[in-house]
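mind folding the following:
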Amino acid sequence: MGNNRYLLYGSVRYALGILRPLQDAARARGDEVAWFFDGREDEGPNELTADERRLVTVEQVRQWNPTAVFTSSNALPHFFPGVKVQTFHGFDAGKPRHIYIRPFFDLYCTTGPQDTRAFEALARRHGFFRVIETGWPKLDPFMTQLPDTLPPVRQPPVILYHSTFSPSWSAARTLHDEVRRLSRDGRWRWIVTLHPKTDPEVVAMYRALENEHLRFADDDNILDLFGQVDMMCSDTSSALSEFLLTGKPVVTFRNRRPGPQLIDIDDAADFEPAIERALSRPPELMAAIRAFADAIHPYRDGRSSERTLEAVDRFIAEGGVASLKRRPLDPWRKFKLRRRLRYWGPA
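Residues are numbered from 1 along each chain as shown. Modelled structure (predicted):
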C-alpha cells in the first residue's frame, strides 16, 4: 500500500467521529489523508488538529487527485476525482430514506447483513454501484473497548435518555415530565443527551432538569456515554441501534420499527414499568438484542476501517468505475452541489 490518497468529505461535525478511524487505518498503511468540509467552520473544520490536512477549494481537491473520497453524507461532488464511497451516518432506525440510493456513489460499504441484502438488491437492479460489507468505521474504537461479557446493572442503575430531533419522531416533549419526576427520587441516575439539531427550546427544557441525580451531557460522540450506563431510553433515533450493540436494553416511545429487541411503549404512563422491565434483563429480551446486533453489525474486532480500505482496493482491482453502468445524470442535485461549492468547471 502506501501509494493512495484518501479524501474524507464532511458537512457536519459528526463526520469527524465517523471518518477519523478511516484516517487512522489509512495512515497505518502509509497512505495520505486529507479533509474537505462543505459547511460552516464550526461544523467540523475548526476541530481538525494540527496534524490533519485540510483542502479548502475544489481546485485543491482536483490537483491532489484522491484515489477515493469517503463520506457519511447523502451526496458528494461528482466533479471530485476518485472512487466515491458511502460509509453511512447511522443505522436504519425505521426512518424514511435509509435504504435508498443517489447517483453519486460507486461503492456502498455496508455495516452488516441486514443493510447488505437491501443494497445488493438495488445494485443488481441498477448496476451503477457496487456493495461490499465492511462494518462501520465509526465503531472501531468503541468495539475494541466493549467487555467480553455484559457487566451487571449498577446500583443505583444509570439510564441514558436520548431523543432524535424531528418533532414527528421525537418523544422529548412527551416524556419530559416523566423524566423530571423519575429523576427526583434518586432511585436511578440519569444522563440526558439530545440530537445536535434538537429545537433549542427542548434543549433548554432538559438542561433545566439537571440535579444531583441527572446530568445533561454535551458530548459530541454519544458512544462515549454507552459504557457509563445500564440501559437507554429513546424514540426513533438511529443511536439506539448503536447502543444495542452493547447488549444492553432500550426502552422506546412509539418507535417507527419496533421489534423484539426493544421494549416499545405508546403511553407515557408505561414509561416507568418499561424501565423496570429493562433493568431486570429478561432472557427473551437479551436474546433478541443479541440477534439484532448480529444482523446490523456482526463485527466485534474494531477493524471495519481496514475492511473499508480493502473494499476500495478490491473495487479498483476488479475494474473500478469502468466496470459499472453509467450513473444517472440527476442534474438538479448536481447543480445544487456546484452552487454550494461555487464551482462551475469541468467534471
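
buried stuff in the helix or strand harbouring Trp332?
Secondary structure assigned from DSSP states H and E places Trp332 in helix 331-341. By neighbour count with 16 or more other CB atoms under 10 Å, helix 331-341 contains the buried residues Lys334, Leu337, Arg338, Leu341. (C-beta placed from N, C-alpha, C; glycine too.)

got a markdown table for those residues, with pLDDT and distance to Val192 too?
Below are the buried residues of helix 331-341 laid out as a markdown table (pLDDT from 0 to 100; distance: CB to CB, whole Å):
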| residue | pLDDT | distance to Val192 |
| --- | --- | --- |
| Lys334 | 92 | 41 |
| Leu337 | 92 | 36 |
| Arg338 | 94 | 41 |
| Leu341 | 93 | 37 |
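
now render those residues as TSV, adding distance to Val229.
Putting the buried residues of helix 331-341 into TSV (distance: CB to CB, whole Å) gives the following:
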residue	distance to Val229
Lys334	43
Leu337	39
Arg338	44
Leu341	40
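
give the contact list for Gln114.
Going by CB atoms under 8 Å, 6 or more residues apart in numbering, Gln114 touches Asp92, Ala295, Ile296.

how about a cut-off of 7 Å?
Going by CB atoms under 7 Å, 6 or more residues apart in numbering, Gln114 touches Ala295, Ile296.

that one - that's part of a strand, no?
No. Assessed by DSSP: H, G, I helix; E, B strand; the rest coil, Gln114 does not belong to a strand; its assignment is helix.

next one: it from Glu43, what distance?
With distances defined as CB to CB, to the nearest Å, the gap from Gln114 to Glu43 amounts to 30 Å.

so what's the residue count around Gly345?
Gly345 has 9 neighbouring residues, counting by other CB atoms under 10 Å.

I'd guess it is in a strand, am I close?
No. With three-state DSSP as the criterion, Gly345 is assigned coil and is not in a strand.

can you map out the helices along the stretch 101-250 of the chain?
Listed in chain order, the helices found in the stretch 101-250 of the chain under DSSP state H, counting those that start in this stretch are 113-126, 140-145, 172-182, 200-207, 223-226, 239-244.

deepest of the ones you listed, which one?
Neighbour counts averaged per stretch over the helices of the stretch 101-250 of the chain are highest for helix 239-244, at a mean of 23; criterion: mean count of other CB atoms under 10 Å.

could you break the chain into its assigned domains?
The domain map for the chain lists 5-142+300-341, 147-296, with the assignment taken from automatic domain parsing.

can you list those domains in TSV and add distance to Ala347?
Below are those laid out as TSV (distance: least, CB to CB, whole Å):
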stretch	distance to Ala347
domain 5-142+300-341	4
domain 147-296	31
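
so where's this structure uncertain?
Per-residue confidence for the chain (pLDDT under 70) gives these ranges: 1-2, 93-99, 219-220.

which stretches in the stretch 151-300 of the chain count as strands?
Ranges of strands within the stretch 151-300 of the chain are 158-163, 189-194, 214-216, 231-234, 250-253, 263-265, based on DSSP state E, counting those that start in this stretch.

give me the contacts around the first one.
In other words, strand 158-163. Counting contacts by CB under 7 Å, 6+ apart, the residues outside strand 158-163 that touch it are 170-172, 179, 188-195, 222, 225, 228-235, 237, 239, 275.

and it with helix 200-207, angle?
Strand 158-163 and helix 200-207 meet at an angle of 170 degrees, taking axes from the mean of the first three to the mean of the last three CA atoms, to 10 degrees as the criterion.

partner strands of strand 158-163, with direction?
The sheet places strand 158-163 alongside strand 189-194 (parallel), strand 231-234 (parallel), with pairing taken from DSSP bridges.

deepest of those strands, which one?
strand 231-234 (a mean of 26).

what's the end-to-end length of stretch 153-164?
Taking CA to CA, to the nearest Å, the span from the opening residue of stretch 153-164 to its closing residue is 26 Å.

quick one: buried residues of it?
Taking 16+ other CB under 10 Å as the neighbour-count basis, stretch 153-164 is seen to contain the buried residues Val153, Pro157, Val158, Ile159, Leu160, Tyr161, His162, Ser163, Thr164.
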